[in-house]
Each structure stands twice: as structure tokens, then as C-alpha cells.
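Peer 1: when you get a sec, could you give me coordinates for this:
(4 chains)
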Number of protein chains: 4
Amino acid sequence: MNLGLIGLGKMGNNMRERLREAKIDVVGFDSNPAVSDVPDLAALAAALPAPRIVWVMVPSGKITDSVISDLAAVLEDGDLIIDGGNSRFTDDFRHAEELAPKGISFVDAGVSGGIWGLKNGYGLMVGGKQEDVERAMPIFDALRPEGPRAEGFVHVGEVGAGHYAKMVHNGIEYALMQAYAEGYELLDTKKDIIKDVTGTFKAWQRGTVVRSWLLELLVLALEEDPEFVDIEGYVDDSGEGRWTIEEAIANAVPVPTISASIFARFVSRQEDSPAMKAVAALRNQFGGHAVKKAD
Amino acid sequence: MNLGLIGLGKMGNNMRERLREAKIDVVGFDSNPAVSDVPDLAALAAALPAPRIVWVMVPSGKITDSVISDLAAVLEDGDLIIDGGNSRFTDDFRHAEELAPKGISFVDAGVSGGIWGLKNGYGLMVGGKQEDVERAMPIFDALRPEGPRAEGFVHVGEVGAGHYAKMVHNGIEYALMQAYAEGYELLDTKKDIIKDVTGTFKAWQRGTVVRSWLLELLVLALEEDPEFVDIEGYVDDSGEGRWTIEEAIANAVPVPTISASIFARFVSRQEDSPAMKAVAALRNQFGGHAVKKAD
Amino acid sequence: MNLGLIGLGKMGNNMRERLREAKIDVVGFDSNPAVSDVPDLAALAAALPAPRIVWVMVPSGKITDSVISDLAAVLEDGDLIIDGGNSRFTDDFRHAEELAPKGISFVDAGVSGGIWGLKNGYGLMVGGKQEDVERAMPIFDALRPEGPRAEGFVHVGEVGAGHYAKMVHNGIEYALMQAYAEGYELLDTKKDIIKDVTGTFKAWQRGTVVRSWLLELLVLALEEDPEFVDIEGYVDDSGEGRWTIEEAIANAVPVPTISASIFARFVSRQEDSPAMKAVAALRNQFGGHAVKKAD
Amino acid sequence: MNLGLIGLGKMGNNMRERLREAKIDVVGFDSNPAVSDVPDLAALAAALPAPRIVWVMVPSGKITDSVISDLAAVLEDGDLIIDGGNSRFTDDFRHAEELAPKGISFVDAGVSGGIWGLKNGYGLMVGGKQEDVERAMPIFDALRPEGPRAEGFVHVGEVGAGHYAKMVHNGIEYALMQAYAEGYELLDTKKDIIKDVTGTFKAWQRGTVVRSWLLELLVLALEEDPEFVDIEGYVDDSGEGRWTIEEAIANAVPVPTISASIFARFVSRQEDSPAMKAVAALRNQFGGHAVKKAD
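Peer 2: Next up, the predicted model:
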């Protein structure tokens, strides 16, 4: 099995390694020549036997758009492009439409697993036509975790469905993280009786209702730095979380915990909150409540 | 009409002034002799013709408890105590029970209006027996705003109902303030097209759906300091907001906006968020996402 | 002063009446000939002296798009179109760009006031160039409420700023309504001590921190139907609320109360909640908790 | 090792079985004679060699209170009571104080695992004195899951700490369940592209960030009833969730996802929402928006 792989950053590079361990013959290209197997996309196309499969693993948005356009110019009728990046599912519709007239197929693949994927395998959610998905199955089997295929891979539905499912996955992930974090703060705040916060999370790893991989990671983090003295409560967010809210709004789905999670991240990045300045100013107006003067 | 008034702080003092303007003969007592009309509670009782009415306007909790106990010792059968402080409504049940064997009646009064009450009058919500409420009506009429009695005074129900209504009033107040504050931040953040934030709030004062007294106060605050440069986004909260959540929980009433308002205040007072440290630590574990190192 | 007015539905018709009372010479057009003053847009253009001002008051989205395109065909260099509908502010950018090459100016106007606007006047928030706004000032003055101009009208900023401000206004409005509604439920649920819910809201109208126009409307509603026996808890939402969340997400502004308000509306329209079915199914799996079987 | 066990309901009975499999000599008592090993508490005390350990596994609140009082009458200096029920941690303080003068020790144990505990073992969080916890360690080792003790058992801290940790565990559990449930609804609503919701959750079981035991249970539930046609979206809540919010409020800890989860459960149980009736009534007042008439 041959595969072209575009994008050899942190994720792409690990995926190339895992694919090669599984005897997939990978030709990698990256804008950084130091890690590329070929000098350009034309060379990549030339190095692959037709019909080709090319996996795109670059930042979503304009970069993915341009890589797919560039690929369209060097691929041919019967080839297949898989977008494994974090594209918005609505971008998939555009990409599939753009490629269809040239006879190039398109599959979108949501990929979960982060830096642990090289070792554990990547959870995969894909969208596209049945025949395209089947054709790429050896690739998916190489990337996904050990064990039954159905527990680490799913053909979710039409084009876009893979990235939609990955978007929802990330929305859930945000809320799960926030849930554990609120629990952490509740334990951490009760120092008069709670003497072992790390031990408590650690003890939840077996037998309890809240056991999960995120819980295990939280234990690892707490064992490194039990009071989080070296970490600032500043949290970025990525597109998927925001898109989840937008889709929820578009489809009238109430998502109170997912939205609370993303708002908590927004607040975490503010030096001072304009909204809370307004509340402080209001309290001062009606109640003569003291305000803290900014320095 | 005679009234004993215990507690001559910011609120109590203003109330004494408003009552006297309405020709109520007020005898005031405070732990601060400089503002007291009498040296002690016994002197206060002696200065009032029986049956007496005594209005208690001191901090809720232990201080109110002890003032009511002390009053019980100097008052007599037929007298009436009105608790106008911010007591939890469940305290009212205790106080009424404590006083009943001595023949002393009890009315609870929720009082809204803050520092503007002296001029505008105080919104009053009272709980207690019909005859007790009627007996104190001249007091209520003196304190409440001009205009129809029903628009500034209500006999809400049984003992405790006045403070319960005031608690709900404050819960609503929290959420109203947060709503305007979120709107402020949405306007403030859009500097590319929004050129007059203060003017926008000012223009909402007539004709719009969101016009309110709080809006007018926000305009006053913005006119003083349009960018809130002198105000820190640090907001205290008082008992009523917390009790509102507790009552909501106890009665299975969903209160998403009121709880969001109080949580926003909690966050506003944190130097750094333990919960968001936990989220940052988690992201770092699974994704290798950079964390901000605390200094 | 002459004005063309497109759209004579509930809002447009009331506005025509208010404008005519103010001696503005209005030529109205609607797709319904029964209420139109002219048979078509060409006739409307012909009936107005140049340079013309035409106010568009039709549903946002495709209808506004097509009305503006059609108007562009019959208007000429120097004319001014004001979009007073509930357009998304991003549509304003498109409309201004579409009209600019023809020399037609564009102003967006957010209009608040609902069915009460005819009598009370409409709160107005406008975006556009200074000279365009000034030119239309007699129209704005006729529509806005009595009193100082700055309390019922604002030139918010660039094109789009008027509708952005109206969008924020509506987002705030959602949260304000939800706040009062949560307070209503807290009072309504406590029937053992609360004997007069309507009276409590009524008494908040003067002197209290929560007094507002919405509170007055809630009192009117409660006086008509104190237990809301004739009303189902089913609440629609309009574009502005949703756009507010989308803008909050796009600009990383936390909006917990506004989002809670819109989610509460989503839930209110569900026969049964798919999410809560999932929670019920989960509880049943781990705890053997009984589930309610759907009929 | 001998143990007295009070309460042989669903949980207690399973625990007796698991303890006996581990060669703990259990004497069980329940108010139901059919499942009891002894006729009364006196007989239970007589059947155990001193110093005794008695595990209480009955409903929290008044029943636990009375069982502990009754036990105090039949136990003696040097005995140990473990409360393994779902008591509020503040009850533990009372119980320890009540028993101390009699020389009876007290340990509180939060127990997680539900109906799966018999097979998988129970996650245990305990609070109390070091010597008391050590003495009961064979019991804890018999009940907890296989594997390292620290991954299924923790001595959290002082008396009360075990139930506090269990309370937080359940608060987290509520939010985790809600997170998956929101994700379910987002997938379920997008039927145009999502063709395999069950398969998507199933595929998240390996390699993804959201894998957990709850996820596995959700897959089991979906495999039984993929559209949840037989389940109503009606969800009860238990004391721990409510206490979590109360503690959050008492300690000024923001818990937006945990509170959102509990509010979603409250809403799920309402035939119609009083709050949303109020919002519908308000919209009708200001906008003339149609309301749905209740039948």
C-alpha cells in the first residue's frame, strides 16, 4: 500500500512513523525540505502508483484550501484525497465539490489522539463514499489503535461527517476537562479536611463512575506538580470548540456544559474582564459599594 | 406614629431621615453612641409608647440574632419587631418562634433601593400576619416611594415571605447586571465599527425593550469613566445571591442565568483559577500544548 | 421631508403612521397591494424628489437582499437607502459595497420598540457615514421617542454598527427576560409562604434595583393571567440572539447569561430532550436507576 | 476478619457477597428479616468479636442518623463504625462527635461503582483517623477493585473527607454525563450527514481523548436502543449533586458545568416550565409574538 502524506509537523511526522511501522509505503512532503521525502507535490504524485491516495495533514483553513487546490493540479481521475486535518466540516463540502469534476475523490477524517497517537494509535472518524473509505482501509487500520476496528474507527456518514464527529468529540472533550477541573477546585479549596487531592484523583482510576483517560492524564499532571504551582490558569481554545457552539446554535441544540467550558477558557485569558468592570461600576452606582481601583 | 430603629449605619441613618421627614417620631439606637438617640435598648423601649414597633436594621446573621434576643428582653406583650435587614428568610422562622411565647409579633421586611432610597423611597416586601402589617403601614408608607402603594410595597405572605422575595429580587438583580455587562463587553470588543459605546447605552433609555433603572445607572457610570479605566473587574457578592442558588437547588428550580452571574463574580475575585490550571495541565498532557508557566 | 418606505407589515405600517403624524411625506410600498401607496418600486422612486431616502423594513436575509438589489435598479447617484430591518450586521457590509459603485449611500438602523413603538417611539441605533446620518435626521427624530435625542437615538459608528448594537440589545433582552423568569419560578414554587406573586412583581416597579420596562410588562401579563394557565412555556428565538452568541464566540467574549437564555428557549421547544434521554440511559446503565419508559 | 454490615439493599447485599468471597466473615442486618443474618443490632454486636467494625450502608439522613444512634447503644469502647452510605459530609462531623464520648471511632467511606461494583470492585474514598483507617484496611482491600491499592482506594483526610470526595465525584459525574449527552444530541440532530451515531461513540473507545467508562456504558445503551425510543428524557438527581452546588457556593468555587448538569435534570422533570411561560408571556406583551395556548 502506498500513501502520499502532506504535512510533517508534530502530528504528520508521528503518523508517517506509525504508517511505516505498519509497512505502508509513505511518501511525505512538507514545506520544510529537511523533513520531506520529495521536493514538491509533482514529485510526490510521480512517486505514487495510480490510483493514488494522498493524506493531507496541514492546518485547517487557507493552508488546507491551497494544498488541496495544488494537489488537484497534480493528481488525476481516480485518485483520492483524505483530509485528516482539523478542517471545519463545511470546508469538506467545498473541497469535495472542487475535486469532483476532476474525478478525484474526497474523504474527510477526524483524528484524535494527540501526541499519544504514535504509540496508542489514533481514533478515526471518517466521512465519504463507501468505496473510497474501503479503498483507504489499510491506511485507517494502520493508524487506528489495536483492537477491534469498530472501537477505534468509524465511517460516520457522508463527506463532512468525519470532521463533524471530530468537532463534536472536541466539544465533549472541552466539557469533560472542565468537569474534572471544577472537581479539582472543589477538592483543592477544602484544605481543612481534604489532605490528599492527587491521591483522590488517583483512586478514582478503578471502579468509579468517573474513570477515564483524561482522569489518568490529570493524575500524571498532579503527580508532576500537585499544586500546579508551575502552571498558569491560561487556556487556549481551538476552532472545533467554537464550531461546536456555532453548530449547536444553528441546529437549536442546547449545549450548556460545552459553552460553559469555552467561556471559562475565554475568561482565563483576560487580564481583566470588561464585563466585570461594568458589574463593579453598576454596584458602585446603586449601592455605594466600594470598587477596587485599577492601579 | 412612634418607631424604635436599631442600626444607624448607611441604610439605617438614611431611613431615619426619611421617616422623620414623614413625621414619624423615630428613636434610634446604634452601637455607636455618636449617632444614637438613646444610650441602650432599655432606654429605647422606655422612650416608646406601648404597644411599640421596633425596626431592626443591622447586619444579618449573628448580629441580628443577638439584637432580636436583646430586644425580646426589653419589649413586652403586644409589641412588634420588624426585621428590615438582609436576613435569610429561614432566620425569620426562628425569630418569630422565639418571640411568640412573649407575645411579641414579628414582621420581616425586604428593603431595596440602596443609597438612592433616601430620595426615591425604598421598595418594600413584607411577610407576616395581616394585623401586624396593617399596624405598621404608616411606617411602610413613609419609607416606600411616592406613587401608588402597590407599586412600591407588597405584603408578600407569611413570616419569611418578605425576605424570600427580597432574596429573589437580588438574584434577579445579579443576572440583570450580568446581562448588561455581557452586552457592554460585546460592544466594547468591536472597536472596528462601534465608535460610541456610552452613547449606545444612553440611547437605549427610551423606547427600547431593555430600558431600566440599572441601564440608567450604567449610563451614569460610563459617563464618568467611559472605558472603566479606574475600575477593576473585581466584584463581591452578598448572601442573597448565594441563598437564591441554594433555594433553587432545594426546590429544583433551574436558574442558569442567576448562577452564571454569581459564578462570574467568584471568578472575578480569583488571582488565578485553580480549575483553569487543571485544564491547562490536562491539555499539556494529551496534546503537548504549551502551558504558560507561572512566574 | 419625503421618504420611501418598503415593507408595510406590523412594524412598517405603524412606522408609516408615526412618520405621517410627524409630517413626513411617506410613500409606502409593500408586496401586498392593499396597503401600498404605489404599484411598484419604479413608481416609488418616481414619486420621491431626488436625492431620495428609502427606508427598507422587510424580513432580513434573502428578502432584504432582493429588495436592496431591486432598489439599486430604480434609484440613482446621491440617493440613500436605510435598512431598518433585523439584518445581520455582516449583511450591511455587503449591501453598502453593492450600492457604493452606483453612488447610493447606505445606513443601517436597528429599531427597538415592538408594537409599543407607534405610541412610545422607537429606540434607534444607526451605522453609517456622518453626512448620511445627518441627512436622515428628520426621519430619525420622527421615529424616536419624545425627549432628548441622545436618550432614544444613537449614531453608533460605521456601516453595520447599528445592526450590531441592535443585535447586542436583543442578546441582553433575552438574558433580562430569563432573569425575571427565573425569579418568577422561584416565587411561584414557594407557595407555602409566598401568597402574592403578582403583587410582588408589581411592588418592584418603584424604588427597587430591578425596576424596568420588562418588569412592567411582566406585571401586565401576570394581571391578565396570574398563573399563566393559558400560556405554554414554548418560546421561539430570532436571529439576533443566535448571532449574538456567534459574535461572542468569534470575539472570545464570555456570554454565560445570554447563552443560557437561548438554550432555555431551545429546550422549551423540545417535545423530549435527546440529551436527557442519553443521560437517563447512562444512569440506568451504571446504577440500575429506573428510567421512565416512553409511551 | 469480622465485619458487621447494616443495610442489605441492592448495594449492601452485593457488598456482603464480595466481602464473603474475600473471606471476610460478614454478619449482616437489615430491617427486612428475610435477608438478615441476625434478628437485631444487639445480636449483631454479640456475634462480632471485640473490638468490632460495623459498616453502615443505609439511606443517608434520618435513617443513617438513627442507625448510628442505635449502634452506639450496643457497641462499646474501641469499636469502629464506618458509614459507607451517601451521607452528606457535614453529617459525618455530627456522627463522629456523637460517638467520641463512648470511645467509638468513626470513619466515613464514599463508595462508587453502582451495580457493577460486585464484579469490578468499588472505588473507595475514606475519611478518618489513620489508625482507624488502617485497622479497616482488610475490608477496604476486599471491596476495592483489583490492581494497585492507590488506584481504587484513598484515605482522603479527616472525618468527612471521604464523603466530601464522593460528593465531588458525583458532581463531576453529572457534568461528564451531560457532556456526552450534549454530544449525542449534536450528532443525532445532523441526520443529513451523520449516518452512524452508535458507531461513532463506539469508535471513540480506543485512542481518543474522550474515552472513558461512561462512554462505554453509553455505547452499551445505544446498542440496546439506538434511538432511545424506549427511554424518556426524565432524569432524577440525588443529594450529592445538590450538595456539590451548595459547597461550591459556600466556598466561592465557580461550577458552571456541574450546575448546568443539575439544572438540565430539573428541567427534564417539568411538565411545563413556569419560567418559560413567563418568557413567552413577556414576548407576547412587548412584541405581539404569538404564544402557544395551553390546552
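Peer 1: from now on I want contacts and neighbour counts done on CA atoms only, so please keep to that.
Peer 2: Fine.
Peer 1: what mean pLDDT does stretch A:46-62 have?
Peer 2: Mean per-residue pLDDT for stretch A:46-62: 97.
Peer 1: repeat for stretch A:115-131
Peer 2: Model confidence over stretch A:115-131 averages 94 on the pLDDT scale.
Peer 1: kindly check the end-to-end length of that stretch for me.
Peer 2: Stretch A:115-131 has an end-to-end distance of 30 Å (Cα to Cα, to the nearest Å).
Peer 1: tell me the buried residues in it?
Peer 2: Buried residues in stretch A:115-131, counted by 16 or more other Cα atoms under 10 Å in any protein chain shown: A:115-118, A:120-128.
Peer 1: got a list of what A:Asp49 touches?
Peer 2: No, residue A:49 isn't Asp; it's Pro. A:Asn2 (Cα atoms under 8 Å, 6 or more residues apart in numbering or on different chains).
Peer 1: ok, now A:Gly233?
Peer 2: Contacts were defined as Cα under 8 Å, 6+ apart; by that measure A:Gly233 touches A:268, B:272-280, B:292.
Peer 1: got it, and A:Pro226?
Peer 2: By Cα under 8 Å, 6+ apart, A:Pro226 lies in contact with A:197-198.
Peer 1: which SS state does it fall under?
Peer 2: For A:Pro226, the secondary-structure state derived from DSSP: H, G, I helix; E, B strand; the rest coil is coil.
Peer 1: would you quantify the distance from it to D:Met177?
Peer 2: With distances defined as Cα to Cα, the gap from A:Pro226 to D:Met177 amounts to 27 Å.
Peer 1: up against chain D, what does the stretch 1-150 of chain A have?
Peer 2: For the stretch 1-150 of chain A, the residues in contact with chain D under the definition Cα under 8 Å from any Cα of the partner chain are A:112-113, A:117, A:120-125, A:144-145, A:149-150.
Peer 1: which of the residues you listed fall within helices?
Peer 2: Among those, the members falling in helices are A:117, A:120 (criterion: DSSP state H).
Peer 1: drop anything exposed from the contacts of A:Gly233.
Peer 2: Among the contacts of A:Gly233, the ones that count as buried by 16+ other Cα under 10 Å are A:268, B:272-280.
Peer 1: now, among these, which is nearest to chain C?
Peer 2: Of all these, the one sitting nearest chain C is A:Ser268; the distance, using Cα to the nearest Cα, is 10.1 Å.
Peer 1: isn't A:Glu151 up against D:Thr208?
Peer 2: No. With contacts counted by Cα atoms under 8 Å, A:Glu151 stays clear of D:Thr208, the gap being 10.0 Å.
Peer 1: out of those two, which sits in the more crowded spot?
Peer 2: Between A:Glu151 and D:Thr208, counting by other Cα atoms under 10 Å in any protein chain shown, D:Thr208 is the more crowded of the two (30 against 22).
Peer 1: counting by contacts, list what the longest strand anywhere in chain A packs against.
Peer 2: The longest strand of chain A (DSSP state E) is strand A:105-112. The helices and strands touching strand A:105-112, judged by 3 or more Cα pairs under 8 Å, 6 or more residues apart in numbering or on different chains; DSSP states H and E, are strand A:80-83, helix A:89-99, strand A:123-127, helix A:130-135, helix A:161-188.
Peer 1: and the gap between the closest residue to chain B within the stretch 101-250 of chain A and chain C?
Peer 2: The stretch 101-250 of chain A approaches chain B most closely through A:Gly233 (3.9 Å), counting by Cα to the nearest Cα. Applying Cα to the nearest Cα, to the nearest Å, the value for A:Gly233 to chain C is 16 Å.
Peer 1: quickly find the element holding that residue.
Peer 2: Using DSSP states H and E, A:Gly233 is not contained in any helix or strand.
Peer 1: apart from its chain neighbours, what residue comes closest to it?
Peer 2: Of all residues beyond its chain neighbours, the one nearest A:Gly233 is B:Lys277 (3.9 Å), with distances taken as Cα to Cα, 6 or more residues apart in numbering or on different chains.
Peer 1: and the one you found, what does it touch?
Peer 2: Applying Cα under 8 Å, 6+ apart, the residues contacting B:Lys277 are A:228, A:231-234.
Peer 1: and what of A:His289?
Peer 2: The neighbourhood of A:His289, defined by Cα under 8 Å, 6+ apart, consists of A:Arg283.
Peer 1: tell me the secondary structure at it.
Peer 2: Counting by three-state DSSP, the backbone at A:His289 sits in coil.
Peer 1: circling back to that earlier point, now the residue nearest to A:Gly233: which helix or strand?
Peer 2: B:Lys277 belongs to helix B:274-287 when assigned by DSSP H and E.
Peer 1: pretty sure A:Val156 is in a helix, no?
Peer 2: No. Going by three-state DSSP, the assignment for A:Val156 is strand, not a helix.
Peer 1: on that earlier part again, just name the most buried of the helices and strands packed on strand A:105-112.
Peer 2: Mean neighbour counts were taken over those using mean count of other Cα atoms under 10 Å in any protein chain shown, and the top value, a mean of 31, falls to strand A:123-127.
Peer 1: give the full set of residues in contact with A:His163.
Peer 2: For A:His163, the residues meeting the contact criterion (Cα under 8 Å, 6+ apart) are A:86-89, A:108-110, A:125-127.
Peer 1: can you give me the end-to-end span of stretch A:22-41?
Peer 2: OK, stretch A:22-41 end separation, Cα to Cα: 24 Å.
Peer 1: so for that stretch, mean pLDDT?
Peer 2: Taken as a whole, stretch A:22-41 has a mean pLDDT of 97.
Peer 1: and the contacts of it?
Peer 2: Applying Cα under 8 Å, 6+ apart, the contact partners of stretch A:22-41 are A:1-9, A:16, A:19-20, A:44, A:47-48, A:70-71, A:74, A:139, A:142.
Peer 1: pull out the buried residues from it.
Peer 2: Residues of stretch A:22-41 classed as buried: A:24, A:26-30, A:36-38, A:41 (neighbour count, 16+ other Cα under 10 Å).
Peer 1: try stretch A:64-80
Peer 2: The neighbour-count check on stretch A:64-80 (16+ other Cα under 10 Å) flags A:64-65, A:67-68, A:71-72, A:75-77, A:79-80 as buried.
Peer 1: want to throw the residues you listed into JSON lines with secondary structure and distance to chain B?
Peer 2: As requested, the buried residues of stretch A:64-80 are arranged in JSON lines below (DSSP: H, G, I helix; E, B strand; the rest coil; distance: Cα to the nearest Cα, whole Å):
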{"residue": "A:Thr64", "secondary structure": "helix", "distance to chain B": "21"}
{"residue": "A:Asp65", "secondary structure": "helix", "distance to chain B": "24"}
{"residue": "A:Val67", "secondary structure": "helix", "distance to chain B": "24"}
{"residue": "A:Ile68", "secondary structure": "helix", "distance to chain B": "26"}
{"residue": "A:Leu71", "secondary structure": "helix", "distance to chain B": "29"}
{"residue": "A:Ala72", "secondary structure": "helix", "distance to chain B": "31"}
{"residue": "A:Leu75", "secondary structure": "coil", "distance to chain B": "33"}
{"residue": "A:Glu76", "secondary structure": "coil", "distance to chain B": "36"}
{"residue": "A:Asp77", "secondary structure": "coil", "distance to chain B": "37"}
{"residue": "A:Asp79", "secondary structure": "coil", "distance to chain B": "32"}
{"residue": "A:Leu80", "secondary structure": "strand", "distance to chain B": "29"}
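Peer 1: wait, A:Val209 sits on D:Glu173?
Peer 2: Yes. Counting by Cα under 8 Å, A:Val209 touches D:Glu173, with 6.8 Å between them.
Peer 1: hang on, the earlier thing: and the buried residues of stretch A:64-80, which two are furthest apart?
Peer 2: Comparing all pairs in these by Cα to Cα, the longest separation belongs to A:Thr64 and A:Asp77, at 20.4 Å.
Peer 1: and the residue of the stretch 101-250 of chain A closest to chain B, what pLDDT?
Peer 2: Turning to A:Gly233, the model gives it a pLDDT of 96.
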